[in-house]
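> here is a sequence together with a model predicted from it:
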Amino acid sequence: MIEFKNVSKTFAGQQKNKHVKAVENVSLNVADGEIYGVMGYSGAGKSTLIRMINGLEKPSSGQVIVNGESVADLSKPDLLKLRRKIGMIFQSYNLLVTANVFQNIVLPLTLEGIDKTEATQRAEKYLKIVDLWEKRDSFPAQLSGGQRQRVAVARALAHEPKILLSDEATSALDPETTESILSLLLKINQELGITIFLITHEMEVIQRICDRVAVLDQGVIVEEGNVVDVFTKPQQEITKRFAGVSDTLGVPRDILAPYQETKQLVSLQFVGDSANNPLLSQLQEKFKITPDILAGSMGYMKREPYGRLLVYLKTDDRSQYEAALQYIRDQNVHVEEVEV
Ligand SMILES: Nc1ncnc2c1ncn2[C@@H]1O[C@H](COP(=O)(O)OP(=O)(O)OP(=O)(O)O)[C@@H](O)[C@H]1O
């Protein structure tokens, strides 16, 4: 549905002959119905990348192909048609402040030439989907950040797009509101079949809703794949930083130092069914190991339960320890020894 073929984008810099390579030789494929996330720190090139999908930026080389058509080669009218099939939401919502919620949806539709009855019906339908029908007469200033983003989502959906682009849509929201917007995006993807392409610097966003992820560093994709694989077995340093795998789940290193002597401090990651296994009590039973839990977290990776634990595997018998590690791996739990 969306394909980047060896795409690079270079901007002229402020000084003569100083060019900025915002995106470099990016190739990726987003399938119909997928939620695809691009993650990277500020300045990595995420905005440039997403803006090439709806032709707001043109590649310096390579091609961005949407629905089989090269975006940069489209005529003006065809580009406009394509943009109608692509909705976009932003961190800053971009609502009309002088219009109420209902008008915020209806006005852009009528400007596009859709008749008033149809526009009104769509506004009602999509405001109900985002659960804001009761707020239809309110103005943006009277809404919370999460509600404003819901209006923006309804406005995008009212154009009945096949693709929704999300540019840091939850970055300005608190964790609870972020969760409600992310579950809305999941619902839209599943119930309306809309393909979602999002950019973010928040790992939680990727983990919660994306099927696949690309990690962008200085314009280059350094790692790409299924979200569970990328986060449980990150290859690149930057991905590890995002995933916090080599991390100690926030436990200060001086607290961990005494555990480090025996080198039996491990981090465990459980996904899906393995999250429900009583693994630690099995270690005790089978290997006479006393696990000391130093930190832990539990959440979801998309719909799968996902847990992490930082555990000290207490035993004087090194061979039992090694056997326990193997046993943990056999239970499909990802285990890594932690260096403090
Ligand atoms: N129009 C432009 N002219 C010159 N340089 C630009 C332009 N747009 C982006 N850049 C540069 O390209 C690089 C990538 O910027 P981009 O905005 O795509 O990154 P980003 O990952 O979206 O960052 P952020 O999360 O901070 O928005 C940066 O070095 C930026 O300064």
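Perfect, thanks for sending it. Numbers count the residues shown, from 1 in each chain.
> what pairs with Leu198 across the strands?
Per DSSP bridges, residues listed as beta-bridge partners of Leu198: Gly37, Ser166.
> which ones are touching the residue most central in space within the chain?
What sits nearest the mean C-alpha location of the chain, by C-alpha atoms, centre = their mean, is Ile206, with 2.6 Å. Taking C-beta atoms under 8 Å, 6 or more residues apart in numbering, we find Ile206 in contact with 37, 39, 200, 213, 227, 231. From N, CA and C alone the C-beta is placed, and that goes for glycine too.
> ok, Gly193 - how many residues close by?
Gly193: 10 surrounding residues under other C-beta atoms under 10 Å.
> for Ala214, see how far away it is.
Separation of Gly193 from Ala214 (C-beta to C-beta, to the nearest Å): 22 Å.
> try Asp115
41 Å.
> more neighbours, these two?
Ala214 (25 against 9).
> confirm for me that that one is in contact with Gly45.
No - at 10.9 Å, Ala214 does not count as touching Gly45 under the criterion of C-beta atoms under 8 Å.
> show me the helices in the stretch 151-300 of the chain, by range?
Using DSSP state H, counting those that start in this stretch, the helices found in the stretch 151-300 of the chain span residues 175-192, 203-209, 227-232, 237-243, 253-260, 279-287.
> point out where the stretch 151-300 of the chain drops to low pLDDT.
244-247, 274-277 (pLDDT under 70).
> in it, which residue sits nearest the ligand?
Residue nearest to the ligand within the stretch 151-300 of the chain (C-beta to the nearest ligand atom): His201, separated by 6.0 Å.
> can you pull the contacts of that residue?
39-42, 46, 168, 171.
> deepest-packed of the helices of the stretch 151-300 of the chain, please.
Greatest average neighbour count among the helices of the stretch 151-300 of the chain goes to helix 203-209 (a mean of 22), per mean count of other C-beta atoms under 10 Å.
> is that helix positioned near the ligand?
No - if you take C-beta under 6 Å from any ligand atom as the test, helix 203-209 misses the ligand, and the best it gets is 13.0 Å.
> what do you get for stretch 21-34?
Yes - contact of stretch 21-34 with the ligand (C-beta under 6 Å from any ligand atom) involves Ala22.
> which residues touch that stretch?
By C-beta under 8 Å, 6+ apart, the residues outside stretch 21-34 that reach it are 1-11, 36, 45, 48-49, 52, 59, 62, 189, 193, 195-197, 211-212, 214, 216, 218-221, 224.
> many thanks, have a good one.
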